[in-house]
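>>> Quick check, what structure comes out for this input:
(one chain, ligands or ions: 2)
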Amino acid sequence: MTQPLRVALLGCGVVGSEVARQLLGRPEEFAARTGASLELSGIAVRSLDRERPGIPAGLLTTDARALVADADIVVEVMGGIEPARSLILSALESGASVVTANKALLAQHGTELIKAAHDAGVRLEYEAAVAGAIPIVRPLDDSLAGDRVTRILGIVNGTTNFILDKMDAEGSAFDEVLAEAQELGYAEADPTADVDGHDAAAKAAILSSLAFHTPVQLDDVHVEGIRDVSPQSVELAREQGYVIKLLAICERVAADDAAGMEPGVSARVYPALIPRGHALAAVRGAYNAVFVQAEQAGSLMFYGQGAGGAPTSSAILGDIVSVARRRVLGGRGKYSPATGRLRIVPLDEIPTQYHVTLDVADKSGVLSRVTEVFAARGVSIESVRQTVSEQEAAEGRATLVISTHRSVESALAGTVGDLKDLDVVNDIRATLRIEGAA
Ligand SMILES: NC(=O)C1=CN([C@@H]2O[C@H](COP(=O)(O)OP(=O)(O)OC[C@H]3O[C@@H](n4cnc5c(N)ncnc54)[C@H](OP(=O)(O)O)[C@@H]3O)[C@@H](O)[C@H]2O)C=CC1
Ligand SMILES: N[C@@H](CC=O)C(=O)O
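Numbering: from 1, shown residues only. Ligands and ions are numbered 1, 2, ... in the order given. Model prediction:
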């Protein structure tokens, strides 16, 4: 057995407290798996006053810098950009390996941090940053490094999946379910990051960078959250055989010589309709699932708990064991630079499929006026369904549900804009993209 390795933990919240309890509770196992005893040297927090069950008060400090300066392994689970970024850089520069779960930081400063780790000859691991307990970072970074990933489609935010699932299954109200997700430790410190799609977008940036070996940052990801998903949209989706899920989609976009388009990468996050028979429709609660398509491997699916203290700590502890083993064996850290420079393809150029629910006037000629709007934009309609409830009949209104074939996003969005101006359209009740249809 070599010298003990000093592990500094930055943060003792939902995730950090679970990591600490595991490191303190199973020291023999970690020593046996790494070849060195892992000594939790301290835990940085903001406040020393809070009750922290199972955490010895003597380990807590508000001096994160001093803790980092004296560590072999730094585990950053405090979240946010600063001081997390400076502390990680200082840890790497002083020769410590770093484990982090901080997707927001990686999606903005990943290139800088990965380079700093390489320059210092140490490791930076971040399995927990995407999809909680699910091993997805290492499979993309290592196992699939010799393949060519073409597409990733995933549910990567536990909080929004928990909310949408409860709205679908129990007809719950959005705010009530968000509070429950916060209590269960799924949500970010600022839950707007979950609800507005920024957390999923950060994960999409990380996944795209790994999968396509090209730098993709948070700003490169098109993002729409679930704030506008109403109980009525959820109900309408159910009636029509769909479920609404917040999806992250990362795609390699092939060159189109005829259109003079260079190859590129599209990364986007939005709520979409999934047919109820699709495997992603069965992802319930705070679970996540990630489908990966690669040229040689074909289709792969990764599934598991995407948020919460215990699931996330599993991924972090795996990274700690991995970096500790490397320190025991010696040698440089691995380096997975983003070697490519693919262009980021704007959403407007991406083919998608729309599902539009309209409140229209119930009179003759309305259907043809509506379908003409789609035709004028070159958007082909797959199906139209008209229903008239008793109340609608009494008010001279009807509901039209229109599904399109795939068409470029700019044409679809333009069509919806034109529909708003049509005098026979009273209201556009819902517009959602369809993903995963046969
Ligand atoms: N919760 C989850 O399911 C998952 C979270 N993550 C990521 O893990 C990280 C931590 O998340 P989570 O545990 O939920 O967050 P919490 O808000 O529960 O915990 C944050 C911890 O960091 C401490 N902290 C925050 N800022 C500072 C600072 N400036 N100096 C010292 N300590 C500080 C807090 O101290 P104090 O206790 O005194 O307030 C707290 O202990 C985030 O990056 C998050 O995105 C990743 C995957 C899943
Ligand atoms: N807030 C995040 C936590 C895990 O990354 C989520 O809900 O998925």
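>>> count of neighbours near D168?
Other residues within reach of D168, judged by other C-beta atoms under 10 Å, total 21. For every residue, glycine as well, the C-beta is placed using N, CA and C.
>>> in which helix or strand would I find it?
helix 158-170 (DSSP states H and E).
>>> does ligand 2 sit close to that helix?
Yes: using C-beta under 6 Å from any ligand atom as the criterion, contacts between helix 158-170 and ligand 2 involve 158-159.
>>> Show me what counts as buried in that helix.
By 16 or more other C-beta atoms under 10 Å, the buried positions in helix 158-170 come out as 158-168.
>>> swap in stretch 263-283?
Of the residues in stretch 263-283, those buried under the neighbour-count criterion (16+ other C-beta under 10 Å) are 264-275, 278, 280-281, 283.
>>> so of the residues you listed, which ones are in strands?
Among those, the members falling in strands (DSSP state E) are 264-275.
>>> Please identify which two of those residues are farthest apart in space.
Across these, the longest distance by C-beta to C-beta is 28.1 Å; it joins G264 and P275.
>>> Which residue, neighbours along the chain excluded, lies closest to the residue in the stretch 251-400 of the chain that ligand 2 sits nearest to?
When scored by C-beta to the nearest ligand atom, the stretch 251-400 of the chain has A307 as its residue closest to ligand 2, at 3.8 Å. Nearest residue to A307 in three dimensions, chain neighbours excluded: G158, at 3.1 Å (C-beta to C-beta, 6 or more residues apart in numbering).
>>> so the one you found makes contact with R284?
No: contact between G158 and R284 fails when scored by C-beta atoms under 8 Å: they sit 10.8 Å apart.
>>> Make a markdown table from the buried residues of helix 158-170 and add pLDDT to it.
Putting those into a markdown table (pLDDT from 0 to 100) gives the following:
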| residue | pLDDT |
| --- | --- |
| G158 | 98 |
| T159 | 98 |
| T160 | 98 |
| N161 | 98 |
| F162 | 98 |
| I163 | 97 |
| L164 | 98 |
| D165 | 97 |
| K166 | 97 |
| M167 | 96 |
| D168 | 96 |
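>>> If I follow the layout properly, I244 ends up in contact with S230?
No: counting by C-beta under 8 Å, S230 is not a contact partner of I244; they are 10.1 Å apart.
>>> more crowded one of the two?
When I244 and S230 are compared for neighbours, I244 comes out ahead with 24 against 13, by other C-beta under 10 Å.
>>> for the more buried one, which residues make a bridge with it?
Each beta-bridge partner of I244 is listed here: L273, as defined by DSSP bridges.
>>> for the closest residue to L144 other than its chain neighbours, what are its contacts?
In space, L144 comes closest to A294 once its chain neighbours are excluded; the distance is 5.7 Å by C-beta to C-beta, 6+ apart. Contact criterion C-beta atoms under 8 Å, 6 or more residues apart in numbering gives 144, 147-150, 300 as the residues in contact with A294.
>>> Over to A294: give its phi and psi.
Comment: the main-chain dihedrals of A294 come out as phi -130, psi 150, following degrees, to the nearest 10.
>>> about what we covered before: what's the angle between the next helix or strand after the helix holding D168 and helix 158-170?
Reading on from helix 158-170 to the C-terminus, the next helix or strand found by DSSP H and E is helix 174-183. Between the direction of helix 174-183 and that of helix 158-170, the angle (axes from the mean of the first three to the mean of the last three C-alpha atoms, to 10 degrees) works out to 130 degrees.
>>> Mind listing residues that contact helix 174-183?
Applying C-beta under 8 Å, 6+ apart, the set of residues contacting helix 174-183 from outside is 158-159, 162-163, 166-167, 187, 191, 194-195, 229, 231, 286.
>>> got it, and stretch 10-22?
Counting by C-beta under 8 Å, 6+ apart, stretch 10-22 makes contact with 9, 40, 43-45, 52-55, 59-60, 64, 67-68, 74-79, 84, 87, 101, 128, 185, 189, 308-310, 312-313, 316-317, 320, all of which sit outside it.
>>> what about it and ligand 2, any contact?
No: shown here: stretch 10-22 not in contact with ligand 2 (C-beta under 6 Å from any ligand atom), separated by at least 8.7 Å.
>>> Just the CA coordinates for that stretch, please, in PDB.
These are the backbone C-alpha positions of stretch 10-22, laid out as PDB (Å, rounded to 0.1, in the frame of the first residue of the first chain):
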ATOM      1  CA  LEU A  10     -15.500  21.200  -2.100                       C
ATOM      2  CA  GLY A  11     -19.200  21.200  -1.200                       C
ATOM      3  CA  CYS A  12     -21.300  19.200   1.200                       C
ATOM      4  CA  GLY A  13     -24.800  19.600  -0.200                       C
ATOM      5  CA  VAL A  14     -27.000  16.900  -1.700                       C
ATOM      6  CA  VAL A  15     -24.200  15.300  -3.600                       C
ATOM      7  CA  GLY A  16     -21.100  16.200  -1.500                       C
ATOM      8  CA  SER A  17     -22.600  15.000   1.700                       C
ATOM      9  CA  GLU A  18     -23.300  11.600   0.100                       C
ATOM     10  CA  VAL A  19     -19.800  11.400  -1.300                       C
ATOM     11  CA  ALA A  20     -18.400  12.200   2.200                       C
ATOM     12  CA  ARG A  21     -20.500   9.600   3.900                       C
ATOM     13  CA  GLN A  22     -19.400   6.900   1.400                       C
END
